[in-house]
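*Asks:* Below are the sequence and a predicted model; questions follow.
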Amino acid sequence: MTSQGNMSGSLVDRLGGGVVAFARLCIIVPFVYLVVYVGGAFLIPKSLGPTWVWIQRGVVSTAILCLLALFIQHPRPERRPSGLTHTMAISFLLTLPAIVTSYWAGVFGALVPPLLVIGSAVWERVRHA
């Protein structure tokens, strides 16, 4: 029999472990919640509509802020854990959950981590050239 801890650990391991798993969850969770958001939109009363929209926006904002915090912790490409650069570079995908709720701050915010990753890579190449 497997314990709950082992199941959780294997999920984290499958996602790359440590900060890489955390970064990947920051991208996955808004998409999973997007399905819940769209499905629940038909079930909730109209009076809860604005709250429902802001919950999705909060999920997207939290994901973006967590990715920015990870970039601040690991700004140099050569010192990032394996897989973190790729995960942060594809975080532009968070624009879709932001667009669904017309959350334009989230759309532009989702572009910041990939631009920071690209900028840091260019900076390192120029610095070492």
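*Replies:* Alright, I've got the coordinates. Residues are numbered from 1 along each chain as shown.

*Asks:* Helices of this structure, start to end?
*Replies:* For the chain, applying DSSP state H gives helices covering 4-14, 18-41, 49-73, 84-89, 95-100, 104-110, 112-128.

*Asks:* Return the most buried member of those.
*Replies:* helix 84-89 (a mean of 21; mean count of other C-beta atoms under 10 Å). Quick note: C-beta positions are derived from backbone N, CA and C, even for glycine.

*Asks:* picking that back up, make JSON lines out of the helices of the chain and add mean pLDDT.
*Replies:* Below are these laid out as JSON lines (pLDDT from 0 to 100):
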{"stretch": "helix 4-14", "mean pLDDT": "63"}
{"stretch": "helix 18-41", "mean pLDDT": "92"}
{"stretch": "helix 49-73", "mean pLDDT": "95"}
{"stretch": "helix 84-89", "mean pLDDT": "92"}
{"stretch": "helix 95-100", "mean pLDDT": "94"}
{"stretch": "helix 104-110", "mean pLDDT": "95"}
{"stretch": "helix 112-128", "mean pLDDT": "92"}
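
*Asks:* what's the neighbour count on A129?
*Replies:* Neighbour count for A129, taken as other C-beta atoms under 10 Å: 5.

*Asks:* any idea how far it is from W123?
*Replies:* For A129, the distance to W123 (C-beta to C-beta, to the nearest Å) stands at 11 Å.

*Asks:* How about C66?
*Replies:* C66 is 23 Å from W123, by C-beta to C-beta.

*Asks:* One more: D13?
*Replies:* Distance from D13 to W123, by C-beta to C-beta: 32 Å.

*Asks:* which outside residues touch stretch 61-69?
*Replies:* 22-23, 26-27, 29-30, 88, 91, 94, 103, 105-106, 109-110, 112-113, 116 (C-beta atoms under 8 Å, 6 or more residues apart in numbering).

*Asks:* repeat that for 10 Å
*Replies:* 19, 22-23, 25-31, 33, 54, 84, 87-88, 91, 94, 97-98, 103, 105-106, 108-114, 116-117 (C-beta atoms under 10 Å, 6 or more residues apart in numbering).
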